[in-house]
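Asks: Structure for this input, please:
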Amino acid sequence: MADTVVLAYSGGLDTSVAIGWIKEQTGSDVIAVAGDVGQGGEDMEVIRQRALDCGAIEAVVADIKDEFADEYCLPALQAGALYMDRYPLVSAISRNVIVKHLVDAAHKYGANVVAHGCTGKGNDQVRFEVGIQALGPELKCIAPVRDLALTRDKAIEYAEKHSLPIETTKKSPYSIDQNVWGRAVETGFLEDIWNAPIEDVYEYTQDPSVQRDADEVILTFDKGAPVAIDGKKVTMLQAIEQLNERAGAQGVGRLDMVEDRLVGIKSREIYEAPGAIALLTAHEELETVTLERELARYKRGVSQRWSELVYDGLWFSPLKKALDAFITDTQQHVTGEIRMVLHGGRAVVTGRRSDHSLYDFNLATYDTGDTFDQSMAKGFIELHGLSTKLDSAREQRLGGK
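Replies: Coordinates of the predicted model:
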């Protein structure tokens, strides 16, 4: 009896050819699985039919935008996740929701192999396979491009020979991955890290150098989740989509960075994530007034580690789950409103208010009404610096010996 392979299907050339290629190379039947995470482009029904026309025995497509926003983007927002302090994990978090649906399909259809279209040089192969191993330890993984020598030249030749219903000549000079959380662009002339990105690279954002009126927005959060924009209720997905449009129109969220890949390669990436950056900026500001100082300091370290784990494909790891519990607990008082001005490529916070705020005007003011007892400071400073003072005195006493 032939094995059954569940294939992560994009509808593009490589994965369309992979359907027949896997069958020829392994003798396995292929079930194609595609998920809509807000990447835009073709209608999902068109993609489903193409998979069947290319030889899949079954094709499953699903709108998973809300699931992606609620269960993957929101935890990233609450974690303050920025890999290398800049990258909002656009591709890294999307792989996990896709993995979940691949494994679900494998279990539903009795498949014993899961295939993906990654190469052997990137991070995504790790994210797919580690995630699949976590959710389906009995499943095997294959990558046709990496394991079955499916090069692009061979893919074009195969598609033309078998008259597959897929474009074989038009190819973007860039490698692009996009979803509702953001867009990632690499390769082509961008591989020379001295070359500046041109406007044609961008789709989610407008040129921030073009003069236009600023856009003021008020974001309302409840326990770390955005729940309203300018007073109107929104879901997490709607918050991202609306801010992608408004912040993107102001050029917010463009990133040009050389990042450290898990496989050891340094890679130049262009990102645009207007909604994600606007939300992360507002959420971070609300935390500054609602989190107790030591908790906020500790959370910054947790945020960095959480981001590294997710970037490295360890979304389903025990440590990541433990950090999730910590982060969730920190969000109980992250409730309130942030006012921001979106303009010139920046999201600038101009106001914050919260019934959960730890900011006390009467303690902070230098004017009439100051309730802070400044006489307490002298004793505090004496005790706070006592150990350093004792060490310094010893150094002076023993200096030169």
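Asks: okay, now residue 251: neighbour count?
Replies: 22 (other C-beta atoms under 10 Å). Yep, even glycine has a C-beta here, placed from its N, CA and C like the rest.
Asks: Repeat that for residue 173.
Replies: Neighbours around residue 173, by other C-beta under 10 Å: 10.
Asks: what's it in contact with, if anything?
Replies: 187, 188, 189 (C-beta atoms under 8 Å, 6 or more residues apart in numbering).
Asks: What separation is there between it and residue 390?
Replies: Distance, residue 173 to residue 390, by C-beta to C-beta, to the nearest Å: 65 Å.
Asks: before we move on, what about residue 350?
Replies: Taken as C-beta to C-beta, the span from residue 350 to residue 390 is 46 Å.
Asks: can you check residue 31 too?
Replies: Residue 31 is 71 Å from residue 390, by C-beta to C-beta.
Asks: More neighbours: which of those two?
Replies: For residue 31 versus residue 390, neighbours defined as other C-beta under 10 Å are more numerous around residue 31 (26 against 10).
Asks: Buried residues in stretch 258-273, which are they?
Replies: 259, 262, 267, 268, 269, 270, 271, 272, 273 (16 or more other C-beta atoms under 10 Å).
Asks: Out of those residues, which sit inside strands?
Replies: Secondary structure defined by DSSP state E assigns 259, 267, 268, 269, 270, 271, 272 of the buried residues of stretch 258-273 to strands.
Asks: Between which two of those is the distance greatest?
Replies: For those, the farthest-apart pair by C-beta to C-beta is 267 and 272; their separation is 16.6 Å.
Asks: returning to that earlier point: now tabulate the buried residues of stretch 258-273 in TSV and tack on pLDDT and distance to residue 23.
Replies: Below are those laid out as TSV (pLDDT from 0 to 100; distance: C-beta to C-beta, whole Å):
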residue	pLDDT	distance to residue 23
259	95	36
262	90	31
267	92	33
268	95	37
269	94	34
270	96	36
271	97	36
272	97	38
273	98	38
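Asks: Can you add distance to residue 108 and give those residues back as TSV?
Replies: Formatted as TSV, these follow (distance: C-beta to C-beta, whole Å):
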residue	distance to residue 108
259	36
262	30
267	35
268	40
269	35
270	38
271	34
272	36
273	33
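Asks: Out of the residues you listed, name the two that are farthest from one another.
Replies: 262 and 272 (22.5 Å).
Asks: for residue 174, what are its contacts?
Replies: Neighbouring residues of residue 174 by C-beta under 8 Å, 6+ apart: 185, 186, 187, 188, 190, 201.
Asks: same check, this time on residue 81
Replies: 88, 89, 93, 280, 303, 306, 307, 310.
Asks: What is the nearest of those to residue 57?
Replies: Checking the contacts of residue 81 one by one against residue 57 (C-beta to C-beta), the nearest turns out to be residue 93, at 30.5 Å.
Asks: What count of nearby residues applies to the closest one?
Replies: Neighbourhood size, residue 93 [other C-beta under 10 Å]: 25.
Asks: Buried residues, the helix or strand harbouring residue 242. List them.
Replies: Assigned by DSSP states H and E, residue 242 belongs to helix 236-248. For helix 236-248, a neighbour-count test (16+ other C-beta under 10 Å) marks 236, 237, 238, 239, 240, 241, 242, 243, 244, 246, 247, 248 as buried.
Asks: so where's the stretch 51-200 of the chain shaky on pLDDT?
Replies: 168-171 (pLDDT under 70).
Asks: which stretches of it form strands?
Replies: Under the criterion DSSP state E, counting those that start in this stretch, strands of the stretch 51-200 of the chain are mapped to 58-63, 113-115, 140-142, 175-179, 182-186.
Asks: what about residue 180, distance to residue 62?
Replies: 15 Å.
Asks: Have a look at the two and say which one is more surrounded.
Replies: Neighbour count, other C-beta under 10 Å: between residue 180 and residue 62, residue 180 has more, with 26 against 16.
Asks: Can you give the domain ranges for this structure?
Replies: 4-171, 175-291+333-353, 372-398 (the TED database).
Asks: so how far is the first one off the chain centroid?
Replies: It refers to domain 4-171. 17 Å (C-alpha atoms, centre = their mean, to the nearest Å).
Asks: now do the second one
Replies: From the chain centre to the centre of domain 175-291+333-353 is a distance of 11 Å (C-alpha atoms, centre = their mean).
Asks: Please apply the same query to the shortest one.
Replies: Taking C-alpha atoms, centre = their mean, the mean C-alpha location of domain 372-398 is offset from the chain mean by 45 Å.
Asks: Would you mind measuring the gap between the ends of that domain?
Replies: 41 Å (C-alpha to C-alpha, to the nearest Å).
Asks: average pLDDT for that domain?
Replies: For domain 372-398, mean pLDDT rounds to 92.
Asks: So which bits of it are buried?
Replies: In domain 372-398, counting by 16+ other C-beta under 10 Å, buried: nothing.
Asks: So residue 227 versus residue 196, what's the distance?
Replies: 39 Å.
Asks: of these two, who's got more company?
Replies: Neighbours per residue, other C-beta under 10 Å: of residue 227 and residue 196, the larger number sits with residue 227, 15 against 8.
Asks: wait, is the more buried one part of a helix?
Replies: No - counting by DSSP: H, G, I helix; E, B strand; the rest coil, residue 227 is not part of a helix but strand.
Asks: who touches it in this structure?
Replies: 220, 221, 233, 234.
Asks: between those residues, which has the most around it?
Replies: Neighbour-wise, these (other C-beta under 10 Å) top out at residue 221, 25 neighbours.
Asks: what helices or strands is the helix or strand harbouring that residue leaning on?
Replies: Residue 221 is part of strand 215-222 when elements are defined by DSSP H and E. Other elements packing on strand 215-222 under the criterion 3 or more C-beta pairs under 8 Å, 6 or more residues apart in numbering; DSSP states H and E are strand 225-229, helix 236-248, helix 274-290, strand 336-343.
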